[in-house]
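> 3D, please:
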Amino acid sequence: MNRVLVVVGFIAFSTSLFMRAIDPVVPQISGEFGIPAAEVALLATVFALPFAIIQPLLGPVGDFFGKTKLMLVGTALLVAATFVGALAQNFTWLLASRLMAGIAAGGIFPAALAFVSDSVAVERRQIMLGRFVAAALAGNLTGAWAGGLIGDFTNWRGVLVAVASCGTLALVLGLWGFRGVKHEPGERFDLAFALNSYKAIFSNAGAKFTYLGVLLEGIAVFGLFPFVAILLHQSGEYRATIAGFVIAGFAIGGAMFGLVVPQMLKIFGTRGLMIWGSLLVAAMLCVSTLRLMWPLEFAAFMVMGVGFYMMHSCFQLAASELAPKARGSALALHSSFFFTGHAIGPLFYYYGLAHAGVTLTLIGAAAIVVATGVIGAQGLYPKAR
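Okay, here's the model as predicted:
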């Protein structure tokens, strides 16, 4: 089982490269196709929205036919769509490829989360989920940083080829590593069973706090990332490598948290992690209104990453226990709401930056994060523990 969990972690790492790799090269795509940079940033929405919408369907599919099978099929389609995108001759072509990549990616991360949750006892689950998320964050880190670096030395097409090549390696490793994994699928896909699963999930009073919470944190935090390169351009920093490095700071912070989850739990408890994590994120969003030199922006994003995953890991734990007999469906909904937030977030920042400016938009995002953490902690963990 340890071997299989390592393989799942590598798939999470590899497919997470696809999430943030394009963010540092938004200005390059803008220049080649003659599209305003703020509109190119909405490629993040085009990827995240279908990713989110398809989750409620793919959760039951994973429960019935096997989570590892769903991961492998999703990875294969994601790689193919990304290679196609690297050949795009116009912006519409690129847009369509990102749409297909988002659909293909829809089954990978939630299926992996559910597989880890099924494989680990509840008393160790938050620690293992934290480490799994650390692997995914390492992918985000590498995707953002390497995307900027490769973009500076080649172009945005080279970035897509690089991440698709890594995805191919993950697919091969998965085909080898998942040999002999046993599943307990249903005899057929039963729509009534799927609907009953979701009914059971939403009958849990914690569902509204869990799913609304991850939706709002996705909007307020991840919606900012496609605009980092644009904001740095406005401050006079034009290197895609630096934009990628700043975004990677967030993932570095999250990976640091993943390494010290047990110690943090002992210090803060689950409720404390949510509240203090939200305050850290909000503080760093406010720091970003100052438009500091990029090394200080990097430091702020790193602290923001620590705070975010302090809060987010608690939402993940809650989602994994909403309906244990339909865990794949519950975690698929978790991912669906979270990535709906990813999809709405760039729109929030697009209109906010255009009409309210940097300062008011970031302060508004900070207020959303604090409300999410405090209210979520009260609703999900009313007693300190």
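> quick one: the helices in the stretch 201-350 of the chain?
206-220, 228-234, 240-259, 261-288, 294-320, 327-355 (DSSP state H, counting those that start in this stretch).
> could I get those as JSON lines with distance to residue 31?
C-beta: built from backbone N, CA, C; applies to glycine. Listed next are the helices of the stretch 201-350 of the chain as JSON lines, based on distance: least, C-beta to C-beta, whole Å:
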{"stretch": "helix 206-220", "distance to residue 31": "28"}
{"stretch": "helix 228-234", "distance to residue 31": "11"}
{"stretch": "helix 240-259", "distance to residue 31": "11"}
{"stretch": "helix 261-288", "distance to residue 31": "25"}
{"stretch": "helix 294-320", "distance to residue 31": "21"}
{"stretch": "helix 327-355", "distance to residue 31": "19"}
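> figure out which of these is closest to residue 71.
Closest to residue 71 of the helices of the stretch 201-350 of the chain, according to C-beta to C-beta: helix 327-355, at 11.7 Å.
> for whichever helix or strand comes after the closest one, give me every contacting residue.
The first helix or strand that comes after helix 327-355 along the chain, using DSSP states H and E, is helix 357-380. The contact list for helix 357-380, computed with C-beta atoms under 8 Å, 6 or more residues apart in numbering, reads 205-206, 208-210, 213, 216-217, 219-221, 223-224, 231, 271, 274-275, 277-279, 281-283, 285-286, 288-289, 291, 311, 314-315, 318, 348-349, 352-353, 356.
> what's the local residue count around residue 179?
Around residue 179 there are 10 other residues, counting by other C-beta atoms under 10 Å.
> where does it land in three-state SS?
coil (DSSP: H, G, I helix; E, B strand; the rest coil).
> can you give me phi and psi for it?
When read as degrees, to the nearest 10, the backbone of residue 179 gives phi -60, psi 130.
> show me the contacts for it.
Residue 179 makes no contacts at all, as judged by C-beta under 8 Å, 6+ apart.
> pLDDT value on residue 226, please?
Here, the pLDDT recorded for residue 226 equals 89.
> for it, what are its contacts?
By C-beta under 8 Å, 6+ apart, the neighbours of residue 226 are 23, 26, 41, 42, 43, 44, 346, 349.
> again with residue 340
Contacts for residue 340 (C-beta under 8 Å, 6+ apart) come out as 48, 49, 52, 53, 215, 218.
> and whatever helix or strand residue 69 lives in, how far from the chain's centre?
Using DSSP H and E, residue 69 sits in helix 67-86. Computed by C-alpha atoms, centre = their mean, to the nearest Å, the chain-centroid distance of helix 67-86 equals 17 Å.
> past it, which element shows up next along the chain?
Where DSSP H and E defines the elements, the next helix or strand beyond helix 67-86 is helix 91-105.
> residues of the following helix or strand past that next one that come out buried?
Later in the chain than helix 91-105, the nearest helix or strand by DSSP H and E is helix 108-119. Within helix 108-119, the residues scored as buried using 16 or more other C-beta atoms under 10 Å are 108, 109, 110, 111, 112, 113, 114, 115, 116, 117, 118.
> I'd say the fourth one and residue 72 touch.
Just to be clear, that refers to residue 111. No. Using C-beta atoms under 8 Å, residue 111 is not in contact with residue 72, being 9.7 Å away.
> same for the helix holding residue 69, what does it pack against?
When contacts are defined as 3 or more C-beta pairs under 8 Å, 6 or more residues apart in numbering; DSSP states H and E, helix 67-86 packs onto helix 2-20, helix 55-65, helix 91-105, helix 108-119, helix 156-177.
> out of those, which is closest to residue 143?
Using C-beta to C-beta as the measure, helix 2-20 is the one of the helices and strands packed on helix 67-86 that comes nearest residue 143, at 3.9 Å.
> how many residues are close by residue 200?
Neighbour tally, residue 200, other C-beta under 10 Å: 17.
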